[in-house]
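Novice: Predicted model and sequence follow; I will ask about them next.
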Amino acid sequence: MKDDKGNVKKNYKGYTCIFPLKFACRPLPYFLEGTVHYLRVIEDKEQAKKIHSEILNSELYDKKLKMLKINAPLKNISLDVGRITVFPRGWLENESIWMHMEYKYLLELLRNGLVKEFWKMSKDVLVPFMDPQVYGRSIFENSSFIVSSAHSEENLHGQGYVGRLSGTTAEFISIWLGITCGFKPFYVEDNKLFLKFSPQIPFWLFSEDGIFEFKFLGNTKIVYLNKLRKDTFGKNAAKIYKIVLIYNNRKVEIKGELIPPEYSYDVRDGKVKEIICELE
């Protein structure tokens, strides 16, 4: 740039002023976070299923570990994009299995109704199902990240490390809510409170006797009796047909899967000690 007298213009630091004539867009490699946000806002199950299929066929998917990396390989990417480029591949912020983001992805699969896809991936992704010899720590502990197969040291592949606090636990609480009772078990209709459990549990998580138990609202024991040991989602899913509410001094039997207002408030207020749901 030049001034009115034809002299080269400079800024207050003495650098030559320029006027860009055009810009060239250079897209970055895929990042898992973008997909997570997209899945959160769409309301189309088939579109979500298509996106999930594409992700599994992209460079975000670690075929060896069957997990999702935080980003695709940063090929020929300059330092201008930030510190991510200085980490070795497969470690911390560069191409590792960033557990918080991966759990966010799982949660969005569940929210979009892709329950079958969720459980297929969960067997490799959720920490309780991992091999502790590979994970390198107790399966009762979360990690910040897992070293992906992109790392040059093969003996580290699949090991979990704690670089900082992880939000994985917070995401798993939401996942736990979704698979055990549904994201919105309580709902209001005609200004009345109803309670409906909508479990999304695969048959293999039920005991040999067809039992699955968990705590609801911190105090109430929920027991699912699924004697046929069927999935509670998808085609031919097991459905709740009878509910028994157990108070300290009485029992109430309800036909069907809906807990009406006269009892739903008791459950919410912690007055019901145990709820037995029979499925068929």
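Specialist: Happy to help now that I have it. Numbering: from 1, shown residues only.
Novice: wouldn't residue 119 be in contact with residue 178 here?
Specialist: No. Between residue 119 and residue 178 there is no contact under C-beta atoms under 8 Å: 11.7 Å. To be clear about C-beta, it is placed using only N, CA and C from the backbone, and glycine gets the same treatment.
Novice: Domain map for the protein?
Specialist: The chain is divided into the following domains under automatic domain parsing: 32-176, 181-279.
Novice: how far does the longest one stretch from start to finish?
Specialist: One end of domain 32-176 to the other measures 22 Å (C-alpha to C-alpha, to the nearest Å).
Novice: Check stretch 79-98 too.
Specialist: Terminal residues of stretch 79-98 lie 21 Å apart, using C-alpha to C-alpha.
Novice: Give the buried residues for that stretch.
Specialist: 84, 89, 90, 91, 92, 93, 94, 95, 96, 97, 98 (16 or more other C-beta atoms under 10 Å).
Novice: Format the residues you listed as JSON lines; extra columns: secondary structure and pLDDT.
Specialist: Shown next, in JSON lines, are the buried residues of stretch 79-98 (DSSP: H, G, I helix; E, B strand; the rest coil; pLDDT from 0 to 100):
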{"residue": "84", "secondary structure": "helix", "pLDDT": "94"}
{"residue": "89", "secondary structure": "coil", "pLDDT": "97"}
{"residue": "90", "secondary structure": "coil", "pLDDT": "98"}
{"residue": "91", "secondary structure": "strand", "pLDDT": "97"}
{"residue": "92", "secondary structure": "coil", "pLDDT": "94"}
{"residue": "93", "secondary structure": "coil", "pLDDT": "94"}
{"residue": "94", "secondary structure": "strand", "pLDDT": "97"}
{"residue": "95", "secondary structure": "coil", "pLDDT": "97"}
{"residue": "96", "secondary structure": "coil", "pLDDT": "98"}
{"residue": "97", "secondary structure": "strand", "pLDDT": "98"}
{"residue": "98", "secondary structure": "strand", "pLDDT": "96"}
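Novice: Same list, these, but as TSV with distance to residue 5 please.
Specialist: Below are these laid out as TSV (distance: C-beta to C-beta, whole Å):
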residue	distance to residue 5
84	46
89	53
90	57
91	55
92	53
93	50
94	50
95	53
96	56
97	60
98	55
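Novice: nearest to residue 24, of those residues?
Specialist: Checking the buried residues of stretch 79-98 against residue 24 by C-beta to C-beta gives residue 84 as the nearest, at 21.5 Å.
Novice: what's near enough to touch residue 89?
Specialist: Each residue near residue 89 by C-beta atoms under 8 Å, 6 or more residues apart in numbering is listed here: 73, 95, 148, 150, 151, 152.
Novice: By neighbour count, which of these wins?
Specialist: When neighbours are counted by other C-beta atoms under 10 Å, residue 95 leads the contacts of residue 89 with 27 neighbours.
Novice: and that one, what are its phi and psi?
Specialist: The phi/psi pair for residue 95 (degrees, to the nearest 10) reads phi 60, psi 20.
Novice: can you start the count at 675 instead of 1 from here on
Specialist: I'll keep to 675 as the first residue from here, and by that count the last item is residue 769.
Novice: So it sits against residue 742, correct?
Specialist: No. Contact criterion C-beta under 8 Å: residue 769 and residue 742 do not qualify, at 10.9 Å.
Novice: neighbours of residue 846, just the number please.
Specialist: Close neighbours of residue 846, defined as other C-beta under 10 Å, add up to 18.
Novice: mind checking pLDDT for it?
Specialist: What the model reports as pLDDT for residue 846 is 94.
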